[in-house]
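[1] Structure for the following, please:
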Amino acid sequence: TMSMWRLYLRFPREPEVSIIIPAHNAMPHLEETLKSVLRQKGILRKCIEVSIYNDCSSDDTAEAIAKWVQIFKACGIRTVVGGKSKESKEDEPSGDGAARNHAVRQSSGSYLCFLDADDIMMPNRISRQLNLAKANKRAIVGSGFYREPPGSTRHYTSWANGISGRQLYLQQYREITMIQPTWFFHRSVFQRAGGYPELKGLNDLEFFHRHLDAGGDLVKDPEILLMYRYSSTSLSWKSSRRELLLARVRPFQRRVISRWERFSIWGAGRDGHNFFKALSESEKDKVEAFCDVDSKKIKRGFISGTRKLPVVHWSKVRPPFVVCVAKGRTGGQLEANIASFGLVEGKDYWHFS
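    Numbering: from 1, shown residues only. Got it, this is the predicted structure:
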């Protein structure tokens, strides 16, 4: 009986990890992506399930999926496939958020490993992130990554790979601090967030903030575990600056400004103005001043519609405040000015730009 129990533990009836792959016109990269599943080490293949959702592809995606279902079956890896190819002019893809939701809901693993159909996992990705996710069941677990072709989105890649620990939270309103293609988490994280919004673009950003709204955690393995392919057709790149701004301002209002009776905006330039204009009317009423280093802006003040606000010298600003000047752009002067106050980031001030 004991030997049979040990055998059951080694070969569970249900997969432990479901790899979630939404696929829309995923050729020619899909097969390379699926090969990276076979190269995983440190986990039994019987513990892995591949869940692919064909989101109305019009290329050879369906044929490649059918081929790899047989390859995985021969290797002892379970596969579940949903969706269909484009069959008529009326057929339209449901979008990346809906496709991920379909792929998750047809899967059965306790843990979800997200993999875009043109990215490549390093051989130790699943084993490393699974260990972290088991120890942090309320967390999105991310990782380091590199981009293909090399040098694409160089500044963002350097920033995203360079932050960890508390900075994952402190910089959450500037950008997603762990890119979606590296996400790995317990199924309950998906359920708690209500799945992905089924919008045209920005679904990862919305999910990220839903997760944080629900008190979710962020954990990152700094090791590079994914090749993240750059695509100019990505829906997030098609989203307007206004849409991106609003998607970041809304959670900032919910989780930060709602707790402040009044606040100031650091930076009376374009970013500060756009941030102010994106606020709700009730939150605009809480803004007591802008601050800046530019004497002309200080003299001119800030006018938006019927609202007129003072612009004070940065040394006279009162916390709390929102920093709407990008970090790393002033030769360290911005950071030095803020540090001179001896304040606590994440309490007395937040970086937004």
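[2] Give the burial count for residue 340, as a bare number.
    Neighbour count of residue 340, defined by other CB atoms under 10 Å: 10. Glycine gets a C-beta too; all of them are placed from N, C-alpha and C.
[3] Same question for residue 297.
    A count of neighbours around residue 297, defined by other CB under 10 Å, yields 17.
[4] And it, how far from residue 188?
    Distance of residue 297 to residue 188, given as CB to CB, to the nearest Å: 48 Å.
[5] again, but for residue 176
    Note on residue 176: its distance to residue 188, by CB to CB, is 21 Å.
[6] Am I right that residue 181 is in contact with residue 113?
    No: contact criterion CB atoms under 8 Å: residue 181 and residue 113 do not qualify, at 10.5 Å.
[7] What is the burial count for the closest residue in space to residue 334 that isn't next to it in sequence?
    In space, and not counting its chain neighbours, residue 334 is closest to residue 325: 5.5 Å by CB to CB, 6 or more residues apart in numbering. By other CB under 10 Å, 24 other residues sit near residue 325.
[8] List the residues that contact residue 325.
    Under the criterion of CB atoms under 8 Å, 6 or more residues apart in numbering, the contact list for residue 325 reads 266-267, 269, 271-272, 334, 353.
[9] same thing but 7 Å
    Residue 325 makes contact with 266-267, 271, 334, 353 under the criterion CB atoms under 7 Å, 6 or more residues apart in numbering.
[10] Just these: which are in strands?
    Residues of the contacts of residue 325 located in strands (DSSP state E): residue 266.
[11] ok, of the contacts of residue 325, which one's closest to residue 141?
    Closest approach to residue 141 among the contacts of residue 325 (CB to CB): residue 353, at 27.2 Å.
[12] Hmm, the closest one is touching residue 271, no?
    Yes: if you go by CB atoms under 7 Å, residue 353 and residue 271 touch, sitting 4.6 Å apart.
[13] Now do the shared contacts for these two.
    Jointly contacting residue 353 and residue 271 under the rule CB under 7 Å, 6+ apart are 324-325.
[14] Residue 181 and residue 113: which is more packed in?
    Set side by side, residue 181 and residue 113 give different neighbour counts by other CB under 10 Å, the larger being at residue 113 (27 against 19).
[15] At which residues are the strands of the stretch 101-250 of the chain located?
    111-114, 120-121, 139-148, 184-186, 217-229 (DSSP state E, counting those that start in this stretch).
[16] out of the ones you listed, which comes closest to residue 82?
    The closest of those to residue 82 is strand 111-114. By CB to CB, the value is 15.2 Å.
[17] so how far is that closest one off the chain centroid?
    Offset of strand 111-114 from its chain centre (CA atoms, centre = their mean, to the nearest Å): 14 Å.
[18] Widest-spaced pair of the contacts of residue 325?
    271 and 334 (12.2 Å).
[19] which parts of stretch 321-339 are buried?
    321-325, 334, 337-338 (16 or more other CB atoms under 10 Å).
[20] Which two among these are spaced furthest apart?
    Using CB to CB, the pair of those lying farthest apart is 322 and 337, separated by 14.9 Å.
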